[in-house]
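Visitor: Model the following, please.
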Amino acid sequence: MKRTIRDFALVSSMAFVLATSANTVLCQSRDERAVRAASDAWQRYIAAQQVDSIVALHTPDAVVMFANSPVVKGSNGIRAGWGEIVKLPNLSMHWVPQTINVVSPTVATEYGTYTDSYDTPNGKEGDSGSYITIWHKVNGKWRVALDAPVSSMPAPAGAPPEGTNFIAQSGSALVWHDFNSPGFAPGAKVSVLSGDPSKPGQFALRLSFPDGYMVPLHWHPTAETVTVISGAGMFGMGNTVDMGSAHAFTAGDYVFIPARHPHFLQTRGATVVQVSGNGPFQINLGAPR
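Guide: Okay, the predicted model is just below:
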């Protein structure tokens, strides 16, 4: 009789444990789906630029560690940070949760990978990497308590050190070579004053054009400064060649051309211009797309 009672108690205990375990698994599965749904909603809020909804998805004391940026804390900081991010031109942001682990009834962790891209004056830029998000359940709703993306992109290369050698050249002793670049008519000459335009780092060179030479519409990935040494002509900016909108230039004039800004010029008389900037000095015909 005692054994029967003992066995019944054991069976009852096992049944309770199994029922509790099943209930825990069910709750964890339900919470995992809720976290995943909140994470998906977050991406939709970003695409729709719904900053208020993004802020509401975070706890009031949430901490966000944006890549390459200071730590953001609290609702006001999150509003300011995301308010700027969603305004980035043609922003595309997407992440994929790989693991969602409900570690307690009120805490869950999400780990995955992300990608983002947006337009800048220098072309499209983007980032990719991994992230971890810690979720807290507040009043029955899962909210972001900590978000920390970690970029896997290589750090940008530092600028090459400036040259340490003194360089002085006489204008009358410059060595000129034929300037050969696709799309440019024969007749132009180039003389490199300092640096190597084909490599990263500062450079300075001079270009010599005959009378009536037409420099075709082109652009550079980096900015350049242009000083007219001698001669004259017409200089224009824009996605097409429009001489009606071009500006006259003469010796002594100076122009700063930002990166990816298409430009063209036509000389009036033999003309020499000096170009300087940070290499590599690349020439792309037409206008950037």
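Visitor: For the closest residue to residue 253 other than its chain neighbours, give me its contacts.
Guide: Leaving aside its chain neighbours, residue 253 sits nearest to residue 228 (4.6 Å; criterion: C-beta to C-beta, 6 or more residues apart in numbering). The way it works is simple: take the backbone N, C-alpha and C, and place the C-beta from them, glycine included. Counting by C-beta atoms under 8 Å, 6 or more residues apart in numbering, residue 228 touches 249, 250, 251, 252, 253, 254, 271, 272, 273.
Visitor: partner residues bridging the first one?
Guide: As for beta bridges, residue 249 partners with residue 233 under DSSP bridges.
Visitor: can you check residue 120 too?
Guide: Counting by DSSP bridges, the residues bridging with residue 120 are residue 123.
Visitor: And the contacts of residue 228, which is closest to residue 61?
Guide: Comparing the contacts of residue 228 against residue 61 with C-beta to C-beta places residue 254 closest, at 53.0 Å.
Visitor: element containing residue 95, please.
Guide: strand 92-104 (DSSP states H and E).
Visitor: same for that strand, what does it pack against?
Guide: In terms of contacts (3 or more C-beta pairs under 8 Å, 6 or more residues apart in numbering; DSSP states H and E), strand 92-104 is packed against helix 2-47, strand 107-120.
Visitor: Compare these and say which comes out lowest on pLDDT.
Guide: Of all the helices and strands packed on strand 92-104, helix 2-47 carries the lowest average pLDDT, namely a mean of 67.
Visitor: isn't residue 177 right next to residue 189, touching?
Guide: Yes - under the criterion of C-beta atoms under 8 Å, residue 177 makes contact with residue 189 at 6.6 Å.
Visitor: if you count what's nearby, which of the two comes out ahead?
Guide: Legend: neighbour count by other C-beta atoms under 10 Å for residue 177 and residue 189, higher for residue 189 (16 against 9).
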